[in-house]
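A.B. asks: can't give you the sequence, but here's the structure:
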């Protein structure tokens, strides 16, 4: 097996969605690490200890297995299966998380022998809970009118004490799902397709449950080797999460999603974009000049029913997508159907050759609004990426140049609200667009070594009023940019009260090699030029502008483990202590004279900016409606508010995202006016 290597620090992001229609984001900073892979894609019990030892060899805190890690892993196993508390009763959970020391020692001893019977027994409890849940859901489906007319209520955060509690919780989840479908497809369409909506929900639930039941998508028991592999993956995920919130094992599907979002280039496929329709997986679009687009046979809304003659009509979007991704053949046969005359479906098949498909997702979005004799630009960056087709740094620079060609760029808003990370090198370069020279990030590994990341080009692309717009989902690389520019005083940070709070470094195997499982391991922390890390607390906004995620609860599980934040010495003056002697003359001549000095102008006028913003939000009726809605005081559309005396007209999505951006633009107008007044 090749020797492990640690190379340039990279920052990546990924997301994981469970089949309950709830999305849980995991954000991480990564270093490439050699991929562990067994001779077979199927994991074995013996792989658990071998893989965990490799994780321990790099982890910042934990270097060997302990009873504390074992005990935490059983909670994690339960929480990963049942985060919404819709399957298990409190009486079924307690025996697995409240064992005495002797019991944990016995499980620890079995672990050392590659024996995992306790986890298998827990999984049997889970399997019985799945059977019970399916029976409850079947009963609820018999009264669709009660489901389709109900109002969603908050999902309970504790395990139920009886079966009625479970039924109430499951009903709430179904109602939540139905209302999401109403938002997406419209009230009338959903009410006409009630049975299809319930079938769609059930498909999602069963797709999630199969990996715990050890059955195929059609419900047939898997071979014993595959059953063992699934159990091992669940064990690995629960053990890794016991070390800290960001260490994790990642399966092939999750790894594929991560790679696609990291690389600005393309993917190998047929150019077909699918979505979850009312009655199955349907075509959302075909990529122009792709195999799917060139056939001119496939239309938007066509339902996919088979892949290489394997029926997928009753499969979830996740299962269909996974089948398309994992099929290694160069040619793939796809069968579709669409509605025909007299409600008789038209069926057809096409065979397509896979090829490289250019990335279609926009990485940077640009807009602007006129102000005075110029414009205020808005650049939305969705991730920090790089590839043969370009990078986040070059795309933002180009976007700034394009804005400047329209009119004088009086002020710029960099929108990072949905940005959950990417390459650290790109975070440094993006921050460097707004400072001359200087330290942007500092990494500190478990062995005590540090590495400093600098911007060294000596120039700025934009040096006018700058606002970084953030949310509680802004994470990792995006937090580096926000905090570094805030440290230097060249920008103010506005939006939710704080960002996600991710300041740790992970090693990872996702971008190298192949296999059935990948992992990421927390090996250190990162800091910005002020010596602060965003770990746990996040980046604090200078001007709080409430948004869709502002009033949400904590994003992490109550029992997740975090790495304690600390500080290092600030590096504004940069003593070049890490620079080799033969390189120092260049730094002393070209780098040091153009060091970005910390500025205090925006901090001096910040009280007035905050006051102005708070007054506008207080007087904005739409904003007040939004805040009441987020606080749980939601009224029906069109219902009159007795205190305010106006109608609560809330179209789909309520323009909530725009409310936050609109106020950010108002803050930027204040910044420009105040700067002009002081000149």
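C.D. replies: Structure's in. What do you need? If you're wondering where the values come from, they're calculated on a predicted model, not measured in any experiment.
A.B. asks: return the distance of residue 448 relative to residue 571.
C.D. replies: Look at residue 448 and residue 571: by Cβ to Cβ, to the nearest Å, they are 17 Å apart. No exception for glycine: its C-beta is placed from N, CA and C like everyone else's.
A.B. asks: neighbour count winner among those two?
C.D. replies: Between residue 448 and residue 571, counted using other Cβ atoms under 10 Å, residue 571 has the larger neighbour count: 23 against 7.
A.B. asks: residues in contact with that one?
C.D. replies: Each residue near residue 571 by Cβ atoms under 8 Å, 6 or more residues apart in numbering is listed here: 439, 442, 452, 529, 531.
A.B. asks: go again with 7 Å.
C.D. replies: Going by Cβ atoms under 7 Å, 6 or more residues apart in numbering, residue 571 touches 439, 442, 452, 529.
A.B. asks: where does the prediction get shaky in the stretch 451-600 of the chain?
C.D. replies: By pLDDT under 70, the weakly predicted segments of the stretch 451-600 of the chain are 511-516, 551-562, 564.
A.B. asks: go again with 80.
C.D. replies: 508, 510-516, 550-565 (pLDDT under 80).
A.B. asks: of all the contacts of residue 571, which two lie farthest apart?
C.D. replies: 452 and 529 (9.4 Å; Cβ to Cβ).
A.B. asks: shared neighbours, the two?
C.D. replies: Here residue 452 and residue 529 have 439, 571 as joint contacts, going by Cβ under 7 Å, 6+ apart.
A.B. asks: for residue 418, what are phi and psi?
C.D. replies: Backbone geometry at residue 418, expressed as degrees, to the nearest 10, gives phi -110, psi 20.
A.B. asks: wait, doesn't it sit right on residue 473?
C.D. replies: Yes: between residue 418 and residue 473 there is a contact under Cβ atoms under 7 Å: 6.0 Å.
A.B. asks: who has more neighbours out of the two?
C.D. replies: residue 473 (21 against 16).
A.B. asks: look up how far residue 412 lies from residue 315.
C.D. replies: With the distance defined as Cβ to Cβ, residue 315 ends up 45 Å from residue 412.
A.B. asks: okay, these two: which has more neighbours?
C.D. replies: Ranked by neighbour count (other Cβ under 10 Å), residue 315 and residue 412 place residue 412 first, with 26 against 23.
A.B. asks: so which helix or strand takes in the more buried one?
C.D. replies: Assigned by DSSP states H and E, residue 412 falls within strand 409-415.
A.B. asks: quick one: average confidence on that strand?
C.D. replies: For strand 409-415, mean pLDDT is 98.
A.B. asks: and the closest residue in space to residue 160 that isn't next to it in sequence, how many neighbours?
C.D. replies: In this structure, residue 160 finds its nearest non-sequential neighbour in residue 166, 5.1 Å apart by Cβ to Cβ, 6 or more residues apart in numbering. The tally of other residues near residue 166 (other Cβ under 10 Å) stands at 22.
A.B. asks: wait, doesn't residue 579 sit right on residue 587?
C.D. replies: Yes: contact criterion Cβ under 7 Å: residue 579 and residue 587 qualify, at 5.7 Å.
A.B. asks: on that earlier part again, residue 452 and residue 529: who's more crowded?
C.D. replies: residue 529 (27 against 17).
A.B. asks: would you mind measuring from that one to residue 436?
C.D. replies: Separation of residue 529 from residue 436 (Cβ to Cβ) stands at 13 Å.
A.B. asks: what of residue 318?
C.D. replies: For residue 318 relative to residue 436 (Cβ to Cβ), the value is 47 Å.
A.B. asks: and the lengthiest strand in the chain, what does it pack onto?
C.D. replies: Among the segments of the chain that qualify as a strand by DSSP state E, the longest is strand 517-528. Packed against strand 517-528, as judged by 3 or more Cβ pairs under 7 Å, 6 or more residues apart in numbering; DSSP states H and E, are the following elements: strand 23-32, helix 45-56, helix 224-241, strand 248-251, strand 438-445, helix 477-488, strand 504-508.
A.B. asks: now with 8 Å, please.
C.D. replies: Strand 517-528 sits against strand 23-32, helix 45-56, helix 224-241, strand 248-251, helix 252-262, strand 438-445, helix 477-488, strand 504-508, with contacts defined as 3 or more Cβ pairs under 8 Å, 6 or more residues apart in numbering; DSSP states H and E.
A.B. asks: out of these, nearest to residue 673?
C.D. replies: Nearest to residue 673, of all these, is helix 477-488, at 21.2 Å by Cβ to Cβ.
A.B. asks: by contact count, what packs against that closest one?
C.D. replies: Using 3+ Cβ pairs under 8 Å, 6+ apart, helix 477-488 is in contact with strand 10-17, helix 424-432, strand 438-445, strand 466-470, strand 492-495, strand 517-528.
A.B. asks: if you set the cut-off to 6 Å instead, what comes out?
C.D. replies: helix 424-432, strand 517-528 (3 or more Cβ pairs under 6 Å, 6 or more residues apart in numbering; DSSP states H and E).
A.B. asks: and residue 280, which of these is closest to it?
C.D. replies: Set against residue 280 and scored by Cβ to Cβ, the helices and strands packed on helix 477-488 come closest in strand 517-528, at 30.1 Å.
A.B. asks: what are the contacting residues of whichever helix or strand comes after the closest one?
C.D. replies: Moving toward the C-terminus from strand 517-528, the next helix or strand (DSSP H and E) is strand 543-544. With contact meaning Cβ atoms under 6 Å, 6 or more residues apart in numbering, strand 543-544 is reached by 494, 497, 609, 610, 613, 667.
A.B. asks: from residue 478, how far out is residue 434?
C.D. replies: 14 Å.
A.B. asks: how distant is stretch 311-321 from the center of its chain?
C.D. replies: 23 Å (Cα atoms, centre = their mean, to the nearest Å).
A.B. asks: and that stretch, what's buried?
C.D. replies: For stretch 311-321, a neighbour-count test (16 or more other Cβ atoms under 10 Å) marks 312, 315, 316, 317, 318, 319, 320, 321 as buried.
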